[in-house]
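Enquirer: Any chance you could fold what I've pasted below:
(2 chains)
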Amino acid sequence: MLTNNSLIKAKYLCWIFVLACCVTFTFVLPLVHFESLQKSQQIKMADKFNVVTYVDELWNGPLPKVAAEAIDAIELFSSLRKDAKETEKNFGHKFGLGSSVYYFVSGQGKVVSIEDDTLTIALENDSSASVQIELGPVFGNAIRDGSGLLNLGDFSNIEEFNAISTELNRRVEENILSLLTEVRVGSELKFVGGVEVADSEVPSSITLVPVDVKIL
Amino acid sequence: MKLTKFSLSFCSLLILLGTTLFGCDSKQSGSDVKSDSESPKRIAVVVSTLNNPWFVVLAETAREHAQKLGYQATIFDSQNDPSKEAEHYENIISSGYSAILFNPTDSDGSIANVRKAKAMNIPVFAMDREVNATDAATSQILSDSYAGAVAIGQYFVKEVGKSGKYVELLGMVGDNNTWNRSKGFHSVVDRFPDLKMVAQQSADFDRAKALEVLESVLQANPDIDAVFCGNDSMAMGAYQALLAAGKADHVKVFGFDGADDVVRLIAEGKITATGMQFPKVMAQTAAESADAYIKGKRDFPQKIPVPVELVTKENVHKFGDYGHQAVTQ
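Expert: Next comes the predicted model:
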């Protein structure tokens, strides 16, 4: 027969048991996890996207291959005149649901004017078409999107994706446009780079952001 | 008696612990929820705010398109408040919605809400803004404010010139888009040191506030050449202020959004440019994706960008009410 004392003891033992279970469970599966701010920031910094390294690898790795396979500028103009949709399908890249089409284009021609920081190149064998290179600050996504190498879904957010364009453009300003300081009207130039063409347009001139240029 | 009371308390505590730790077994597949054969499945449209006409277009287009596809659709207004958004998600998850078309309030803070829905097999399709996770939403249909503002910045320099004075009217300072647009614009314009920003103030994306702010700025800076506004509502307010001051003919106004009234004023040569976001395209794409998911499709691109397009007097004929002309026909 259970005495009062036994009942009280049993009651306390039960409570101790419940408490022990709670403590054990909370220890194994904590509801709240504390981490020092410094450690948290260190983890974030380590994970942070390094755009300079990324673009360095892109610039020296797959991008030259894309440049080597770029469509010739004269062929691009001719193909656009024939069938812009087919040209887009065969050679172009679109960014998501945007209407602009991006290409990687190569070619050769004579510099016919240098005005307002814009260099105009007339193409050999196509007097109706020209390529322009802007000599001032470089903006836009012609190289990133013209290369067809990158997919927004592979990045955490659109900021990283835009940072790639900024870094690519910086490299063009620093490494490529500086090669054009000696160019004069009449110079022969070889070029390759990214181009943006507005949807359904058959332009008479395209603006190229170069990844390589050579004065012949 | 005491023992009975104790037993009851102990059992209650165990039950409480059990439900807290393991939850009720309410894991229902959102898309498998059997609807009564007479009532269509439901899609929730969760929008950051309805206090801005652009988001009203986004939300209403999403709802209308979902209805056109045969669903019941309800708009939930988060009022720019992440905690309100979380409440909506709790409500949506427990109410058996089949999909969520989602415009987040916070790109980091909203991740947890999306994951909760995902855990309950309710697909989430983000619209306009992204969440900073690639394993939460089923697909994200995004607008790129930064790149759009870069394009506006380039046109700004072309139209205003490489020297001059301008004012910037910012949107709500707590809104990511405010800073994405400002950064994109400045990434271009700041490269031209003779283009001087004489004032930068927030007008909260609001037309009336923009009018008030610019009127005040013009008193200290009467000889500006241009105004860049973080959205079209503010561009309209800025234009009104310039009209009242007799300066609308020579101060250029630039906006962002692609609102119908601004597009019309661009065609009339009164406002210089804006960036067309495509709320209708984003909303329709999200609704169609949700429909495809409910019907069994599972392979969706994680991110579908919808680039912002520059609208100027040269190409304004291609644009209409929040999109390309074809969209509005």
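Enquirer: what's the weakest-modelled helix or strand in chain A?
Expert: helix A:37-47 (a mean of 51; mean pLDDT, DSSP states H and E).
Enquirer: which secondary structure elements does the helix or strand just after that one contact?
Expert: Using DSSP states H and E, the helix or strand that follows helix A:37-47 towards the C-terminus is helix A:51-60. Here helix A:51-60 touches helix A:158-171, going by 3 or more CB pairs under 8 Å, 6 or more residues apart in numbering or on different chains; DSSP states H and E. To be clear about C-beta, it is placed using only N, CA and C from the backbone, and glycine gets the same treatment.
Enquirer: Could you tell me the angle between the helix it packs on and helix A:51-60?
Expert: Angle of helix A:158-171 versus helix A:51-60, following axes from the mean of the first three to the mean of the last three CA atoms, to 10 degrees, is 60 degrees.
Enquirer: immediately after helix A:158-171, which helix or strand?
Expert: The helix or strand immediately downstream of helix A:158-171 is strand A:188-197, counting by DSSP H and E.
Enquirer: for that next one, the distance to its chain's centre please.
Expert: Strand A:188-197 sits 18 Å away from the centroid of its parent chain (CA atoms, centre = their mean, to the nearest Å).
Enquirer: Walk me through which strands that strand pairs with, and which way each runs.
Expert: Sheet pairing of strand A:188-197 (DSSP bridges) gives strand A:101-115 (antiparallel), strand A:205-215 (antiparallel).
Enquirer: which parts of the first one are buried?
Expert: If you call a residue buried by 16 or more other CB atoms under 10 Å in any protein chain shown, then strand A:101-115 has these buried ones: A:101, A:102, A:103, A:104, A:105, A:106, A:107, A:108, A:109, A:111, A:114.
Enquirer: can you list those residues in JSON lines and add pLDDT and distance to residue A:149?
Expert: Formatted as JSON lines, the buried residues of strand A:101-115 follow (pLDDT from 0 to 100; distance: CB to CB, whole Å):
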{"residue": "A:101", "pLDDT": "95", "distance to residue A:149": "16"}
{"residue": "A:102", "pLDDT": "96", "distance to residue A:149": "11"}
{"residue": "A:103", "pLDDT": "97", "distance to residue A:149": "13"}
{"residue": "A:104", "pLDDT": "97", "distance to residue A:149": "10"}
{"residue": "A:105", "pLDDT": "97", "distance to residue A:149": "16"}
{"residue": "A:106", "pLDDT": "97", "distance to residue A:149": "16"}
{"residue": "A:107", "pLDDT": "96", "distance to residue A:149": "21"}
{"residue": "A:108", "pLDDT": "95", "distance to residue A:149": "24"}
{"residue": "A:109", "pLDDT": "95", "distance to residue A:149": "26"}
{"residue": "A:111", "pLDDT": "95", "distance to residue A:149": "30"}
{"residue": "A:114", "pLDDT": "94", "distance to residue A:149": "31"}
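Enquirer: What is the nearest of these to residue B:106?
Expert: If you rank the buried residues of strand A:101-115 by distance to residue B:106 using CB to CB, residue A:102 comes first, at 31.9 Å.
Enquirer: I'd assumed residue A:194 was in contact with that closest one.
Expert: Yes: Residue A:102 lies in contact with residue A:194 (CB atoms under 8 Å); the separation is 6.2 Å.
Enquirer: Around residue 171, how many other residues sit close by?
Expert: In the absence of a named chain, chain A is used. 18 (other CB atoms under 10 Å in any protein chain shown).
Enquirer: was after chain B, sorry
Expert: 27.
Enquirer: And for the one 10 residues further on?
Expert: The tally of other residues near residue B:181 (other CB under 10 Å) stands at 29.
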